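Engineer: 3D model of this:
(chains A, B, C and D)
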2 protein chains.
Amino acid sequence: MTTEPRSAATVRPPGTVRPAGVATAAAGAEPPPAPGLRERKKAARRAALVDATHELVGAHGLDGVTVDMVCAAAGVSTRTFFNYFATKDDAVLGHAPWELDAGTAAVFAAGGPSGHLLDDLVTLLAPVLRDPPLGRDRMRRALELAAEHPRLMAHHVAWMDQQKDRLLDVVRSRLGDGSPHLVDTVTGLVLLLAHSTFVRWEAAGGAGDAEAHARAVVADLRAVVTA
Amino acid sequence: MTTEPRSAATVRPPGTVRPAGVATAAAGAEPPPAPGLRERKKAARRAALVDATHELVGAHGLDGVTVDMVCAAAGVSTRTFFNYFATKDDAVLGHAPWELDAGTAAVFAAGGPSGHLLDDLVTLLAPVLRDPPLGRDRMRRALELAAEHPRLMAHHVAWMDQQKDRLLDVVRSRLGDGSPHLVDTVTGLVLLLAHSTFVRWEAAGGAGDAEAHARAVVADLRAVVTA
DNA sequence: CTGCAACTTTGCAGTCAATGCAGTTTTCGC
DNA sequence: GCGAAAACTGCATTGACTGCAAAGTTGCAG
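Structural biologist: As a prediction, this is how the structure comes out:
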């Protein structure tokens, strides 16, 4: 590292804080295997880069910021930036790797928990929406920016589209291999669901439970389709 | 122009061919105002650029082709290329300006023709799907490429998302200003519809009527949502 | 706490997409 | 034909992004 560490994301020791509450209701849940220093540093850096980007964009506007500026601010080489993000815009949007909870996914694949496809989709997505990989605040800022800049929104949509594969697998296990088109359409529907939820959530100023917004979207969909 | 004209898209004189049939059922329809030379040349060039791009990509792969190569092949300056397409990928995808048929749009906005939102959406989109601005073949090739290259598909989705505004207006006039979220969700649904239709159409090898595929998608949606 | 293997970061050189500008050429409407 | 508007072109420049090989870190035995 070059000079001083970034303020924002200090590397905290492993199994400490735990967000104060709730043992996630459901079953099992082996304690997240306390990632090593390497992992934590990586996450911190990613977050720091996103933060630096957001600050600079706030100050100079989206196109007034160059990757080099961000790197300077975050104390990282340009080359490294691209080890973390494929694109400048990815940093703005805070796109980070994410996982579907394995347990929930299994339940979904088996046709549960409610048996209603759309409802179960919401259940499936809720955890990710509830705490996104980089935290709500960063996501919130990213969405605000996306709402302002069409290019970003487009990029975001595109990114979501690329995440489809993850979902495709799960949906396929639930629906079976018989109807590939159906699977595809459903997956698209999931994206729409996620997107609309984001938008509403953001429009509400980030208030309320993401899941609630998702349910509202589902209600709308039902109304429209059956009308 | 530098040397020789491109083979593919010759500039044809104005009010000639007319696709042999059907006076578009509905009312009025002033004959398309026979665009002047300028317009025709522009369209031809756009098409030529897309063709050149497709050929080169076929020969060298998506990333083996530079904008300069395309320009050389099409006999156009690099600078001009970017007067036609905002992006290299836009050329690959053959993104061109398009219009919603004013008459059909009006009918839709008024709640017609069938009164069922989804069905009417299909009716609304059918003309554009049926003859896309640059012709089916080019669209077909573009979709094939998009299916191969995730980046392109992403770009395409993003592009469609940017076209939303056009639709947003129409959907809003139909649904009223009361429920902005609903409008937004419906518009997303339209995109999903268009996209899924494309995909199926492409998967079918470009065979059959796009509208038929669209109706199939709608059927799937109904099944899923009401299940 | 030593040492090796695996993983990251970094600097550098290079490619190429994309844009602004200013001067020419082409088309339009009369 | 003729002037105005629109399109095309070359050029110079910026900045995103990549490959590579040389350091620097971390993980994990021994």
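Engineer: ok, then the element right after the biggest helix by length in chain A?
Structural biologist: The longest helix of chain A (DSSP state H) is helix A:150-175. For helix A:150-175, the succeeding helix or strand toward the C-terminus, using DSSP states H and E, is helix A:180-203.
Engineer: list the buried ones in that next one?
Structural biologist: The neighbour-count check on helix A:180-203 (16 or more other Cβ atoms under 10 Å in any protein chain shown) flags A:181-202 as buried. To be clear about C-beta, it is placed using only N, CA and C from the backbone, and glycine gets the same treatment.
Engineer: the longest helix of chain A and chain B, are they touching?
Structural biologist: Yes - Helix A:150-175 is in contact with chain B by Cβ under 8 Å from any Cβ of the partner chain, via A:150, A:153-155, A:157-159, A:161-162.
Engineer: show me the contacts for the closest residue to residue A:197 other than its chain neighbours.
Structural biologist: The spatially closest residue to residue A:197, leaving aside those adjacent along the chain, is residue A:214, at 4.5 Å (Cβ to Cβ, 6 or more residues apart in numbering or on different chains). By Cβ atoms under 8 Å, 6 or more residues apart in numbering or on different chains, the contact list for residue A:214 reads A:122, A:125-126, A:129, A:193, A:197.
Engineer: try it again at 10 Å.
Structural biologist: Shown in contact with residue A:214 (Cβ atoms under 10 Å, 6 or more residues apart in numbering or on different chains): A:118-119, A:121-123, A:125-126, A:129, A:193-194, A:196-198, A:200-201.
Engineer: what does chain A put close to DNA strand D?
Structural biologist: Listed as neighbours of DNA strand D in chain A under the rule Cβ under 7 Å from any atom of the strand: A:36-39, A:41, A:65-68, A:78-79, A:82, A:86-89.
Engineer: from these, pick the one nearest DNA strand C.
Structural biologist: residue A:79 (3.7 Å; Cβ to the nearest atom of the strand).
Engineer: can whichever strand or helix holds the closest one be said to contact chain B?
Structural biologist: Using DSSP H and E, residue A:79 falls within helix A:78-84. No - residues of helix A:78-84 are not located near chain B by Cβ under 10 Å from any Cβ of the partner chain, the shortest gap being 15.8 Å.
Engineer: so how far is that helix off the chain centroid?
Structural biologist: 20 Å (Cα atoms, centre = their mean, to the nearest Å).
Engineer: who touches the very next helix or strand once past that helix?
Structural biologist: Reading on from helix A:78-84 to the C-terminus, the next helix or strand found by DSSP H and E is helix A:88-93. Here helix A:88-93 makes contact (Cβ under 10 Å, 6+ apart) with A:46, A:49-54, A:56-57, A:62, A:65-67, A:70, A:74, A:81-82, A:84-85, A:87, A:95-96, A:138-139, A:141-143, A:145-146, A:149, A:151-156, A:158-159.
Engineer: among those, name the buried ones.
Structural biologist: Buried among the contacts of helix A:88-93 (16+ other Cβ under 10 Å): A:46, A:49-54, A:56-57, A:62, A:65, A:70, A:74, A:81, A:84-85, A:95-96, A:138-139, A:141-143, A:145-146, A:149, A:152-156, A:158-159.
Engineer: and the residue in chain A that DNA strand D sits nearest to, how many neighbours?
Structural biologist: Closest residue of chain A to DNA strand D, Cβ to the nearest atom of the strand: residue A:36 (2.9 Å). By the criterion of other Cβ atoms under 10 Å in any protein chain shown, residue A:36 has 10 neighbours.
Engineer: against residue A:74, how distant is it?
Structural biologist: 22 Å (Cβ to Cβ, to the nearest Å).
Engineer: for chain A, what lies in contact range of DNA strand C?
Structural biologist: A:1-2, A:38, A:41-42, A:45, A:75-80, A:83-84.
Engineer: tell me which two in those are the farthest apart.
Structural biologist: A:38 and A:78 (21.7 Å; Cβ to Cβ).
Engineer: looking only at neighbour counts, state which of these two leads.
Structural biologist: residue A:78 (12 against 8).
Engineer: quick check: residue A:111 vs DNA strand C, distance?
Structural biologist: For residue A:111, the distance to DNA strand C (Cβ to the nearest atom of the strand, to the nearest Å) stands at 37 Å.
Engineer: over to residue A:69?
Structural biologist: Taking Cβ to the nearest atom of the strand, one finds residue A:69 at 14 Å from DNA strand C.
Engineer: do residue A:174 as well
Structural biologist: On the measure of Cβ to the nearest atom of the strand, residue A:174 and DNA strand C end up 33 Å apart.
Engineer: mind listing what that residue touches?
Structural biologist: A:105, A:108-112, A:117, A:120-121, A:124, A:183, A:186.
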